[in-house]
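> Here is a sequence together with a model predicted from it:
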Amino acid sequence: MEMIQISLNSIHTTRSLLKIRIMDSLTESKIPVLNIEGLKPGTESWIKACHKVRNTLEEYGCFMVVSDELSQDFMKEVYANMKALFDVPLETKMKNTSAKPFHGYVGATDTRPLYESMGIQQPTSLDEVSSFANLMWPSGNDQFSKTIHSYANLMVKLENQVRKMVFESYGLEKYYESFNESVTYVLKPNKYRPPKSNEGNVAARMHTDKSLFSILSQNEMNGLEVQIKDDEWMAVEFPPSSFILMATDVFMAWSNGRIKAVRHRVVMNGQEDRYSIGLFSYKKGIVEIPEELVDEDNPPRFKPFDNYKLLEFYAKDQPYYDERIIELFCGN
Ligand SMILES: O=C(O)CCC(=O)C(=O)O
Ligand SMILES: [Fe+2]
């Protein structure tokens, strides 16, 4: 039986807790909002922003961006296409398979009845997105492919920029290009339905991501909550055309513990379906702490490890789902 932990009331209990409705008053959203679009590498404003991004990820583990590049009309199109995707029959959705955990269709289960998710691998390739669409709609769906591919390209561009900024801020830009060659992506559309009266409203339990970096946006239904200071949950308010960038266990380990992996969960308080879309990067091969981030005062906190093996480890039943997993997996 699956164990879940809900920090509210500090209780550890079994799946019956999923029936609990969380209605605690959440701290008002104070997630930093950074303006990092349109900066030119090498300029003074770029260098300043590099430090700001790194400091924010060290202190909070996440920040938001309100994008000039994503119009509200474009985002409406993204969500209309996602709705059409989840409306395809279950047998068809189940054709979205992958050998990697959480990279294919994940359906609702007894312990997680509100959540469904799909995986589009290598979404920066229009051919890959189109073959996914052909699987879902036998006569294809060009509109879906084009929209989702453009969205993925924008998110990947941003993911690259943020990692470049962090590398630069640590003085490690010389590693950025070679590191980037082994980064891969999966785009995950998620759907959450509202709970019935006899169901709890925790749609995704507290966890930290096992990707290298994650970027999420949502339709107008809120639900994402993060712990950015102490153990307090904070509801994320998404202004139009915004997304949240989140650091993960892998980025935390790479930085030798400097960057914070942000704990998050999804709680459904509304009465409408919530759609979110996440771009997750992964590092192929071994992740190692750069020697520049290790010294006498900062001995290596993690052994070199394989990102996908960490994901497999996480996918097996574990005592927790947050960053304590990576400590178990490869902590020193
Ligand atoms: O839907 C969301 O806002 C969160 C999804 C999430 O945490 C995940 O896919 O790892
Ligand atoms: Fe997550």
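Thanks, I have it. Residues are numbered from 1 along each chain as shown. Ligands and ions are numbered 1, 2, ... in the order given.

> Those residues of the chain touching ligand 1, which are they?
K188, N190, A204, D209, L216, Q218, L224, H264, V266, S276, G278 (CB under 6 Å from any ligand atom). C-beta here means a position set from N, CA and C on the backbone, and glycine is covered the same way.

> In contact with whichever residue of the chain sits closest to ligand 1, which residues are there?
Closest residue of the chain to ligand 1, CB to the nearest ligand atom: S276 (3.4 Å). Counting by CB atoms under 8 Å, 6 or more residues apart in numbering, S276 touches P189, N190, Y192, L216, S217, Q218, N219, G223, L224, V266.

> Now do the strands in the stretch 1-150 of the chain.
Assigned by DSSP state E, counting those that start in this stretch, the strands in the stretch 1-150 of the chain fall at 4-6, 11-13, 62-66, 115-117, 120-121.

> List the strands paired with the last one, with their directions.
Same thing as strand 120-121. In the sheet containing strand 120-121, its partner strands are strand 183-192 (antiparallel), by DSSP bridges.

> pLDDT averaged over the strand it pairs with, what's the number?
For strand 183-192, the mean pLDDT works out to 98.

> My read is that L135 contacts M94, right?
No: the pair L135 / M94 is not scored as a contact, 10.4 Å apart, by CB atoms under 8 Å.

> With neighbour numbers in mind, choose between these two.
Comparing L135 with M94 by neighbour count (other CB atoms under 10 Å), the higher total belongs to L135, at 15 against 11.

> wait, what's in contact with the more buried one?
Listed by CB under 8 Å, 6+ apart, the contact set of L135 reads T92, K95, N96.

> what kind of secondary structure is K309 in?
On the three-state scheme (DSSP: H, G, I helix; E, B strand; the rest coil), K309 is labelled helix.

> what's the overlap in contacts for L135 and M94?
Listed as contacting both L135 and M94 by CB under 8 Å, 6+ apart is no residue at all.

> related to what we said a few turns ago, could you dump the contacts of L135 into JSON lines with pLDDT, neighbour count and distance to S182 added?
Formatted as JSON lines, the contacts of L135 follow (pLDDT from 0 to 100; neighbours: other CB atoms under 10 Å; distance: CB to CB, whole Å):
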{"residue": "T92", "pLDDT": "98", "neighbour count": "14", "distance to S182": "33"}
{"residue": "K95", "pLDDT": "98", "neighbour count": "12", "distance to S182": "29"}
{"residue": "N96", "pLDDT": "98", "neighbour count": "20", "distance to S182": "25"}
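
> Sitting in helices, which of these do you find?
Here DSSP state H is the test, and these give T92 as lying in helices.

> Now the residue of the chain closest to ligand 1: which helix or strand?
strand 274-283 (DSSP states H and E).

> what's the next helix or strand after that strand packed up against?
As assigned by DSSP H and E, the chain's next helix or strand after strand 274-283 is strand 286-287. Other helices and strands packing on strand 286-287, by 3 or more CB pairs under 8 Å, 6 or more residues apart in numbering; DSSP states H and E, are helix 249-254, strand 305-306.

> contacting residues around stretch 305-317?
2, 100-102, 210-212, 249-250, 253, 282-287, 321, 325-326, 328-330.

> One more pass at 10 Å, please.
By CB atoms under 10 Å, 6 or more residues apart in numbering, the residues outside stretch 305-317 that reach it are 1-3, 99-103, 182-184, 207-212, 248-250, 253-254, 280-288, 320-321, 325-326, 328-331.

> what comes up buried for it?
Across stretch 305-317, burial judged by 16 or more other CB atoms under 10 Å covers F305, D306, N307, Y308, L310, L311, F313, Y314.

> List the contacts of K303.
A253, I286, E288, I289, F329, C330, G331, N332.

> Setting the sequence-adjacent residues aside, check what's closest to G140.
In this structure, G140 finds its nearest non-sequential neighbour in N134, 5.3 Å apart by CB to CB, 6 or more residues apart in numbering.

> coming back round to it: who wins on neighbours among the contacts of K303?
That'd be A253 among the contacts of K303, by other CB under 10 Å, with 29 neighbours.

> Please name the residues that touch that residue.
A253 touches 212, 259, 261, 287-289, 300-305, 307, 310, 323, 326-327, 329-331, counting by CB under 10 Å, 6+ apart.

> starting at the chain centroid, how far to stretch 269-286?
Its chain's C-alpha centre and that of stretch 269-286 lie 5 Å apart, by CA atoms, centre = their mean, to the nearest Å.

> Over to stretch 197-206?
Taking mean C-alpha positions (CA atoms, centre = their mean), stretch 197-206 and its chain are 19 Å apart.
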